[in-house]
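> could you look at this predicted model? Sequence included:
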Amino acid sequence: MDHRFVGIPELTDVPRVAVVVDVMRAFTVAAWAFSRGAEKIVLAPSDAEALALKENCSGWLALKDGAPATGFDTVNSPGLIRSLDLAGRTLVQKTTAGTVGALAVSSAPLVLCASFVVAGATARFLKMDGSGPVTFVITGDDGQAAEDLACAEYIGQRLAGVDAEAAPFLHRARTSWAATDLDDGVRRGYQGVHPDDVDLCLQVDRFPFTMVASQEDSLTVLRPVALPEESAGAS
Ligand SMILES: O=C(O)[C@H](CS(=O)(=O)O)OP(=O)(O)O
Ligand SMILES: [Mg+2]
């Protein structure tokens, strides 16, 4: 299936199929939230909008990137999210790169949000859907983030039916600026990062679902879509 890689500033048209990639950490966090029982995640355009949504909707929780902040329930950290019970909850998520990228393509007919933890399920969903071509939105660093590019290229290989070794792609992500920055945050005792965050972002196929964003009552809402396990010999 044809595919291309673009940064958020290069998005001049509405893609037919968009796969928005944020490995560190928005869409690793989203996948962990679903694994902890969250029903849906509303992607918010600003901190103020995230807090307004939480205020107006009883039981909703809000999370943002950066340090813990007044009004927000938690931060954009898979290491912290993984110990929460989110059964049936709605989360509102606002981050610097991932949620911005998803909102930039929210009018596309099909929008998936991806990271290594849902790579295989995302490739399988795209193959089953078959409506490409696929535009991978590289959310970090104006389209240059090594961890997001590595993950997008890995999904692209699996989409093409190549039995790709994950290790070289994971190495690129492990040695990225984003990973170094998170490691540095841990060393400095920064509250917005957990020591396990980088490792959790590098677990290929940790979850058997993909994540589809669609428009619901003028909000952009992310939901998990479970896929059947891959049969032996299938790529
Ligand atoms: O929380 C994150 O890891 C980042 C914040 S920043 O871009 O590193 O400042 O946000 P994300 O949107 O998940 O890349
Ligand atoms: Mg990122």
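Cool, got the structure. Note that the coordinates shown come from a computational prediction; the quantities given were computed from them, not determined experimentally. Ligands and ions are numbered 1, 2, ... in the order given.

> from now on I want contacts and neighbour counts done on CA atoms only, so please keep to that.
Will do.

> got the residues of this structure near ligand 1?
The chain comes close to ligand 1 at residues 22, 24-26, 65-66, 76, 95-98, as judged by CA under 6 Å from any ligand atom.

> reformat the residues you listed as CSV; add secondary structure, pLDDT and distance to residue 122.
Shown next, in CSV, are these (DSSP: H, G, I helix; E, B strand; the rest coil; pLDDT from 0 to 100; distance: CA to CA, whole Å):
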residue, secondary structure, pLDDT, distance to residue 122
22, coil, 98, 13
24, coil, 98, 17
25, coil, 98, 17
26, helix, 98, 16
65, coil, 97, 24
66, coil, 95, 27
76, coil, 98, 21
95, coil, 98, 21
96, coil, 97, 23
97, coil, 98, 20
98, helix, 98, 16
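
> how deep is residue 142 tucked in, by neighbour count?
Using other CA atoms under 10 Å, residue 142 has 14 neighbouring residues.

> show the pLDDT at it.
With respect to pLDDT, residue 142 scores 96.

> pLDDT wise, what is the residue lying closest to it once chain neighbours are set aside at?
Distances taken as CA to CA, 6 or more residues apart in numbering place residue 7 nearest to residue 142, at 5.1 Å, with adjacent residues excluded. Note on residue 7: pLDDT of 98.

> give the bridge partners for residue 7, please.
residue 138 (DSSP bridges).

> does it really touch residue 146, like I thought?
No - counting by CA atoms under 8 Å, residue 7 sits too far from residue 146 to count as a contact (12.0 Å).

> buried set for the helix ranked longest in the chain?
Criterion DSSP state H: the longest helix present in the chain is helix 146-159. Residues of helix 146-159 classed as buried by neighbour count (16 or more other CA atoms under 10 Å): 146-159.
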